[in-house]
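Chemist: I'll drop the sequence and a predicted model, then ask my questions.
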Amino acid sequence: MQTGVFAFTGFFKENMEVVMNIKRFLGSGLAGAALACLVIMSGCAGVDQEGGKDSVLPAEGELKGAEAQKKSEAAKVGIDNIEASGDKVLISADGPLKYTVFMLTDPLRVIVDMPGVSTDKVAAHTAVNNDLVSDVTTSSSEDGNNIGRVVIGLKEGVDYEVKSGGNSILVNLKRVATAEAPATAEAGMIAAPAPVPEPVIVAGAGVKPVDAPVKDLKPATKVIKVESASEGENTVVRLVADGAIGNYNSFELDKPARIIVDVWGVKDAVGKAMVKVAGGRVKSVRIGSHPDKVRFVIDGTNAKMAAHSINKIEDAIVLTIGEGVMQAAPKAAEAAPVVTPEPVVVAESAPPSAPVADAPAEDASANTVERVDFKKVNGSGRVVIVTSQKAKYTAIGSEDGKSVIIDIKNAIIPDSLKRTLDASKLKTPVLTISSYQESLKPVKDVRVLVKLYDKTKYDIKEENGALNVDFTLVEGLAPAKTQDELAKAASSIEGTSGDAAAIGETKKVYTGRRINLDMVDVNITDIFRMLAEESDLNIIAADDVKGTISLRLKDVPWDQAFDIILKAKDLGVAREGNVIRVALASKIRQEKESALASKKAQEKLENLEIKFIPINYAVAVEIEPQIKSSLTERGTVTSEKRTNTIIVRDIKKGIEQAEMVVKKLDTQIPQVLIEARIVEASSSFARDLGIQWGIDYFVDGRNVNTSMFGSAEGSTQTATNPNQQFGTASGTNTAYPGNAKTSMNLQGGATQYAVNTPATGTAGTLGALGFIVGKGGSNPLILDLRLSAGESQGLVKTISRPRITTMDNKEAKIEQGESIPFETTSSSGTSTTFIDANLSLLVTPHITPDGSVLMKIKANRNSIGTFRTSAGQPSINKKESSTEVLVKDGETTVIGGIVVSDKSETEAGIPYLKDIPLLGWLFRRKSVSDTQTELLIFITPTIMKEKAVG
């Protein structure tokens, strides 16, 4: 049995539902016949129809829907020839064309916009100047929309209609009935039709004009000379070759005026870069040689090149330049029949051709279109039209739903918005948006023409002075798939087999459009045909794929349905290019096993090669295991430490894989600058308040007995004057109420205090205030009072700023401080030990692919404490932080903070008495202290940017 080939190119999507119903109710046999008839009728349905001015004539008439979109996404199409011949303008390209055409006035012209088309191969401007066409200009958009534009300048009173074939667009021109004749003309006089001039060729590379018959000459290989002569008022230039000249093209440029002639497939043998011409129309011919052609530049003597003709006669190209010359060129429009696809006609019929009159003056009250834009909103396409006033509009969709016309009434549009936007790459229902000034109507209206992928519903809303037109696909339809989407769809089913899913197998994700299938005893090949149509894929079934299947699937992705059918019939698939081949699963496995065995056998026959691979940044011995895993079974790898070189011995394929691994691994390691700021701040406050007081009294004349109130001791003082309070006393201390001290240095006042609660000195150096109050005379009574107080307040701020640079994934450490020695004594003797009091930073950075830095950090700040042991060894205050953080390049983060708050309030005095209200302060002392210490660590990583070498 011959292998069955099922492709989707002959089947249209609009027949899908009909085919499925025929298969369901007529069975597989009759369904196959009906399917064949439907394909034949579809193939014969092409009708040569002509589109009107407002018709949307996409060049995908022969390849509708998804296939046309698929081709439009292929390599960019280029226009290679534009030929203006009398009442026809033929645009030819090297690939299929899709386009939008509309007419503008002031000046009168026809615009042909072609998305995805380049105009680089044709001249930017060509003067035609016949009775219908003034000139033809070409341009390409420069705003990223990828639109090729051809502008055909028309004479007054000319109308047009368009036909299209696979790779060409034909614009037919005709003169319409003129406006009422002026008074000077005779009533009823009809102008005789103007003679049709010969066509003007515009840069037609690849289009050969039909010239005068030539002799039976061999093909030319070189141009041997340039001849010139004067024939009356004309100048004749002959480009002579050594045989029959083949393909050539020509075009005219100005500023300065010149004619360019490119002769293809020949070499330059003239021997001169420039040839002087003796004639009034041409001053010289310049010659330039290129690998595939020779270019001749004929320089004119005047600012504008005179009329000219170009003909190929025998072994020469003859240019005749002079007034009145008629250029002889073929009627290319009649060279071959134009296959015209069925046009998509907009529901609003075009108005009949009307006389072309002068454009009416713009109404000052006319609305102005200020912006026409497109954007993607939640998967739908939105066309935004902004006007200066509230717009009056009409919107009409085509019968097939593939285009929408929006007319803004009594409005004008600036030239900058007369354009076509290509929206095909945004994957919305919208293909292109064309905006232009609608012509041939009494009132100037602006028209926005939206071309769509497929049948689409739309909704118009007025919001904030703008028209928002939203386009949403009709349920069950989707935009045609691009090449990438087709490849993704094919890869999603590649490798599918009829084997039962293994236990624990990862669940497969299906992405195809959901479909419904309800069939009984349908031939499996017919199912594959329908799935090929649905998926836009080419599916080939082997001759051993046969049988019938009954199934009912509802709302199931097509690729899941395909997978289920393969498993049910024990089939497998293999992808070969853009074709999916279906065969028995066992056969697919055998093919893969056979291919693998053949590959291994071939590898065993190959000769071994040796490759020395120098390593620049990595260590050769460290990457040996990774290279070894990429080699074949016969391959070996060793490293040479001195030169840091990898030595690989394997077949060519293994060596190539080893080089690829080295290229990935042996890369320059980026470096990171890490800056740390360790900030220590401390504040302290202390206040002390204390009191001391006692009472002295003197009696017995010159022998003064001094007794202390509340004191356990007394003293005896001898004074020369009973009123004197200063003197020398001697004696021994006795218990209270003892007699007298026998010796005491006495400065005055009490030497022992009844209440002795001085300030403790917590606040540092104290201040004191003392005074004596008493009664003089023979028996003085003295009160000795002393107040002591102190207060201190301090603020300390210490900033440490270590910085270090290291490579990615390499640990770095920086340390600064001092080591304190102290001696220890043991049974083995005396030894010296060091304690570190320093600042250290230990960090290991890792640069992530998004430019962040992941760091393992350990920061220490150790300092000498105030405590000392009996041997004089100091204590160490330790502050440490260890963490992992992720920081953006150049940003700063706080990795830790330690806050220590130490508050104390101390009160001492005589029990009970110190608590007496108002007077209790005479019997107590009080100390208050408050210390705050805070440690913060800031980290800032910066990735070092390497300077490019050379």
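Modeler: Looks like it arrived, so ask away.

Chemist: Identify the bridge partners of residue 898.
Modeler: Beta-bridge pairing for residue 898 (DSSP bridges): residue 935.

Chemist: burial measure for it, as a count.
Modeler: If you count neighbours by other Cβ atoms under 10 Å, residue 898 ends up with 14. C-beta here means a position set from N, CA and C on the backbone, and glycine is covered the same way.

Chemist: What distance do you get for it to residue 301?
Modeler: In this view, residue 898 and residue 301 are 93 Å apart by Cβ to Cβ, to the nearest Å.

Chemist: mind checking how far residue 424 is from residue 904?
Modeler: 80 Å.

Chemist: Between the two, which has more neighbouring residues?
Modeler: With neighbours defined as other Cβ under 10 Å, residue 424 and residue 904 compare such that residue 424 has more, 23 against 11.

Chemist: What pLDDT does the model give the closest residue to the more buried one other than its chain neighbours?
Modeler: Of all residues not flanking residue 424 in the chain, residue 431 sits nearest, at 5.4 Å (Cβ to Cβ, 6 or more residues apart in numbering). pLDDT for residue 431: 86.

Chemist: Where does the prediction get shaky in the stretch 101-250 of the chain?
Modeler: Across the stretch 101-250 of the chain, residues meeting the criterion (pLDDT under 70) sit at 142-145, 165-166, 177-216.

Chemist: how about the strands in it?
Modeler: 109-115, 117-118, 125-127, 133-140, 147-154, 158-165, 168-175, 200-202, 222-231, 234-241, 248-253 (DSSP state E, counting those that start in this stretch).

Chemist: now for those strands, which one comes closest to residue 618?
Modeler: Among these, strand 117-118 comes nearest to residue 618, with 46.8 Å by Cβ to Cβ.

Chemist: Would you map out the domains in this protein?
Modeler: 1-45+481-605, 60-182+195-201, 210-328, 367-473, 607-665, 689-789, 795-943 (automatic domain parsing).

Chemist: Lowest mean pLDDT across those domains, which one is that?
Modeler: The bottom spot among those, by mean pLDDT, belongs to domain 689-789, with a mean of 59.

Chemist: Can you get me the start-to-end distance on that one?
Modeler: 4 Å (Cα to Cα, to the nearest Å).

Chemist: Surely residue 239 is in contact with residue 314?
Modeler: No: using Cβ atoms under 8 Å, residue 239 and residue 314 do not qualify as a contacting pair, with a distance of 11.9 Å.

Chemist: Quick one: closest of the domains of the chain to residue 671.
Modeler: Per Cβ to Cβ, nearest to residue 671 of these: domain 795-943, 5.4 Å.

Chemist: what ranges do the helices span in the chain?
Modeler: With helices called from DSSP state H, the chain shows them at 16-43, 65-72, 483-493, 524-535, 558-568, 585-605, 624-628, 652-665.

Chemist: And the fourth one, what does it pack against?
Modeler: This means helix 524-535. strand 4-6, helix 16-43, strand 514-523, strand 538-541, strand 548-557, helix 558-568 (3 or more Cβ pairs under 8 Å, 6 or more residues apart in numbering; DSSP states H and E).

Chemist: Recalculate using a threshold of 6 Å.
Modeler: strand 4-6, strand 538-541, helix 558-568 (3 or more Cβ pairs under 6 Å, 6 or more residues apart in numbering; DSSP states H and E).

Chemist: Turn these into TSV, including mean neighbour count and distance to residue 805.
Modeler: What follows is these, written out as TSV (neighbours: other Cβ atoms under 10 Å; distance: least, Cβ to Cβ, whole Å):
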stretch	mean neighbour count	distance to residue 805
strand 4-6	16	65
strand 538-541	21	59
helix 558-568	20	53
